[in-house]
Structures are given as structure tokens and as C-alpha cells.
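**Student:** Predicted model and sequence below, questions to follow.
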Amino acid sequence: MKQILVSGSKGCMEVYCQAIRRQGLLCDAFYAPMVEAKSYHGLVLCGGGDLNPRWYGEENEGSKQIDFLRECSDVMLVTQFAAAKKPILGICRGMQLLNVFFGGTLSQDLGRANLAHLGKDSLDQYHEVATAENSMMRVLYGERITVNSYHHQAADRIGKGFRVTMESDDDVAEALEHQQFPILAVQWHPERIRHALGCADGDALFHAFSEWVKKSGTG
């Protein structure tokens, strides 16, 4: 059975693991794992705090809860998994890290424009998004769908090889698909939304990721 590596914040990874296991995959979840890609068939980068803006050549102008150890671990993991062309799924912070890894930048604080994305009292905000033609997001969710969000940063300049395939009405990138590597990234939280009427079903996204993994090599 295929094994997934989950990298996330301490105490916050079980809901991601549950979503992965529902697809018939095994998973190991670690904070700042120092392991080799050859031991796993896919990688999931979870949500969490902000990245140090020095990764993309900027001074800190609103980034917080920076975790240098986790950043270094995740960069090492993406380097290995991308080189091996093994599937990677980035969620929220995971999408931001992947965008930066491929040369993109982030908007460090969306401010008042973020009202459609940052929830209240730790509750997700829900809003509509549009999907791009000829994309995995269009196949999974049609032209428009509602997603959940809880973030104050977002992809700004898009990293090399990525295409924005889901976007909010206020022009925030909600999904990126890489054109060369099996890498998918979403700004919303599929692990927290299932079978809600009119909303994107997160299980559909995890299923698509699992199909990538199941078709990938065993090395």
C-alpha cells in the first residue's frame, strides 16, 4: 500500500491524515521531518504559520508565527520529492511554500481585502471561486464553487511552472497546478470540508491526489 508523508505543525495533522486514509493510503505525520523521499510515495504539506519573507527576498512586513525549523525541513522535502517527480499536495501554508520554492512571492498581509478569506474566532470563511479551463480544478468542481478559507497571506507573483487554476472574485489565487511536476496546491482547506451543499468536497481533491500517488512508481 502506498505511503504518504505528512509535514505539519505539532498537534494539527490528524485531520489531514484522516482525509488521506479515507483514500486507502497509509501516512506518517511529523513536525519538521528529516527523512528521505525514497521512503514515501507522496508528500502533503499542511497549513500553519507564515514563511520568513527572506525566502523570497523581502523584509518582514506582516509575517508572523515563523517556524525556521519547519521551513528548512519542508524545503528539503520539496527538493527531494520534486526531483523524484513524486506527487506533492500543498494546503494553505503548503501552497505558499510551494509557490515560493518555485520562485514566487507572497502578499504578506492582505489587510481589509482579506475579509473574504480570514475567518472569525478560528472559524473558516466561505466564499465563491472560479476555476480555469482545462484544469484539474475545473474537472473536480465545475466553473464556480464555494470553498473555505482562513489565511491572511496569499501568493503574489506566481512561481515558475505554476498555473493559477482557481481564483476568488477579489483575485486571490486559491489553487495552483504545476505544468511539469505532479504538484497541486490549494489555499483553502479540503481536509475541513466534506459533502457540504454547494461547497467543494475536499474528499474529491484528496481522491485526485491519491490517484496520482497510486499511479506513481514505487521507488
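**Tutor:** In hand now; what should we look at? Numbering: from 1, shown residues only.
**Student:** Strands along this structure, start to end?
**Tutor:** With DSSP state E as the criterion, the chain has strands at 3-7, 26-30, 42-45, 88-91, 106-107, 125-131, 144-149, 154-155, 162-168, 173-178, 183-186.
**Student:** could I get the longest helix seen in the chain in PDB with only the CA atoms?
**Tutor:** Scanning the chain for the longest helix, with DSSP state H as the assignment, gives helix 68-83. Output in PDB follows, covering the C-alpha atoms of helix 68-83 (Å, rounded to 0.1, in the frame of the first residue of the first chain):
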ATOM      1  CA  PHE A  68      12.500  28.300  10.700                       C
ATOM      2  CA  LEU A  69      13.000  24.600  11.500                       C
ATOM      3  CA  ARG A  70       9.800  23.600   9.700                       C
ATOM      4  CA  GLU A  71      10.600  25.800   6.700                       C
ATOM      5  CA  CYS A  72      14.000  24.200   6.300                       C
ATOM      6  CA  SER A  73      12.500  20.700   6.600                       C
ATOM      7  CA  ASP A  74       9.800  21.500   4.000                       C
ATOM      8  CA  VAL A  75      12.200  23.000   1.500                       C
ATOM      9  CA  MET A  76      14.400  19.900   1.800                       C
ATOM     10  CA  LEU A  77      11.400  17.600   1.300                       C
ATOM     11  CA  VAL A  78      10.100  19.500  -1.700                       C
ATOM     12  CA  THR A  79      13.600  19.400  -3.300                       C
ATOM     13  CA  GLN A  80      13.600  15.600  -2.900                       C
ATOM     14  CA  PHE A  81      10.100  14.800  -3.900                       C
ATOM     15  CA  ALA A  82      10.100  17.200  -6.900                       C
ATOM     16  CA  ALA A  83      13.400  15.700  -8.100                       C
END
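**Student:** Which strands and helices lie in contact with that helix?
**Tutor:** Helices and strands touching helix 68-83, by 3 or more C-beta pairs under 8 Å, 6 or more residues apart in numbering; DSSP states H and E, are strand 3-7, strand 42-45, strand 88-91, helix 93-101. For glycine as for every other residue, the C-beta is placed from the backbone atoms N, C-alpha and C.
**Student:** can you redo the ones you listed as JSON lines with mean pLDDT, mean neighbour count and distance to residue 110?
**Tutor:** Below are the helices and strands packed on helix 68-83 laid out as JSON lines (pLDDT from 0 to 100; neighbours: other C-beta atoms under 10 Å; distance: least, C-beta to C-beta, whole Å):
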{"stretch": "strand 3-7", "mean pLDDT": "98", "mean neighbour count": "22", "distance to residue 110": "25"}
{"stretch": "strand 42-45", "mean pLDDT": "98", "mean neighbour count": "26", "distance to residue 110": "21"}
{"stretch": "strand 88-91", "mean pLDDT": "98", "mean neighbour count": "27", "distance to residue 110": "18"}
{"stretch": "helix 93-101", "mean pLDDT": "98", "mean neighbour count": "26", "distance to residue 110": "12"}
